[in-house]
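Enquirer: need coordinates for the below:
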Amino acid sequence: IDIRIKRIMARFLKAYSDLSMRKPITTAIISTGSLSFIGDVACQYLEQYMPSKHETTHPQPPRQKFEWNMMRSLRFGGVGLLLGPQLSIWFRTLSTKLFVGDTLGVAVQRTVVDQLCFAPYVICFVFTLNTMIDGGNLDDAAQLIRSQFLPTYQMNLSVWPFTQLFNFYVVPPQFRVLIANITAFWWNGYLSWRTHLKTETHPKPKEESV
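Expert: Prediction:
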């Protein structure tokens, strides 16, 4: 079984590497969009089955069935589709235009610039676009950013600098979006949770769950 798994992983990595070398933006769109979609599904599951602060003090009857808001997951996956090309272009720009080389010092420079420039942009991009797709406006997005940006960025700094330093120093260029997306599996769920926290001016359209 172990040998079989290793062979499957080897074939997957080879296919991914080949596709990433030939069509880097397409590969980034597919991987980022699909993992954003899955991350939101996982987020919804945890929201429903993990007790909130209110429920720990006021126990509720156990939920019998997972109610999946498919449209919410599709919307968040759509945000990921639009983010994918930006990730691909950003990583390529960092590696070939701004900081060229394979040393640890170069990797540190890439990581610092990535976390100071690109990470805040991504958080604001996701909050804004998802708010607009949910039926809100720029004022709603601005309020969400004001209320949720700082805790989100603090969580970002506890995880992503280490991931990106490893990514820029150890991982071959064609796999960097993939590694970022693997880490982003849980991060997408966290971003979805932050994005969908209830606020007075962040509208939630009524939708059918499945």
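Enquirer: pull the contacting residues for the most centrally placed residue in the chain.
Expert: Within the chain, one residue has its C-alpha closest to the average C-alpha position: by Cα atoms, centre = their mean, that is Asn188, at 3.4 Å. When the contact criterion is Cβ atoms under 8 Å, 6 or more residues apart in numbering, the partners of Asn188 are Leu35, Ser36, Ile38, Gly39, Asp40, Cys43, Phe76, Gly80. Quick note: C-beta positions are derived from backbone N, CA and C, even for glycine.
Enquirer: pull out the buried positions in stretch 38-48.
Expert: Judged by neighbour count using 16 or more other Cβ atoms under 10 Å, the buried positions of stretch 38-48 are Ile38, Gly39, Asp40, Val41, Ala42, Cys43, Gln44.
Enquirer: and which of these is nearest Gly135?
Expert: Within the set of the buried residues of stretch 38-48, Asp40 lies nearest Gly135; the separation is 16.8 Å, counting by Cβ to Cβ.
Enquirer: isn't the closest one up against Trp193?
Expert: No. Counting by Cβ atoms under 8 Å, no contact exists between Asp40 and Trp193, whose distance comes to 9.1 Å.
Enquirer: longest single helix anywhere in the protein?
Expert: What stands out as the longest helix in the chain, according to DSSP state H, is helix 138-169.
Enquirer: packing partners of that one?
Expert: Of the remaining helices and strands, those touching helix 138-169 by 3 or more Cβ pairs under 8 Å, 6 or more residues apart in numbering; DSSP states H and E are helix 104-113, helix 119-133, helix 176-195.
Enquirer: could I get these as a markdown table with distance to Phe168?
Expert: Output for the helices and strands packed on helix 138-169, formatted as a markdown table (distance: least, Cβ to Cβ, whole Å):
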| stretch | distance to Phe168 |
| --- | --- |
| helix 104-113 | 4 |
| helix 119-133 | 14 |
| helix 176-195 | 7 |
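Enquirer: tell me which of these is the most buried.
Expert: Here the criterion is mean neighbour count by mean count of other Cβ atoms under 10 Å, and of those the winner is helix 176-195, at a mean of 21.
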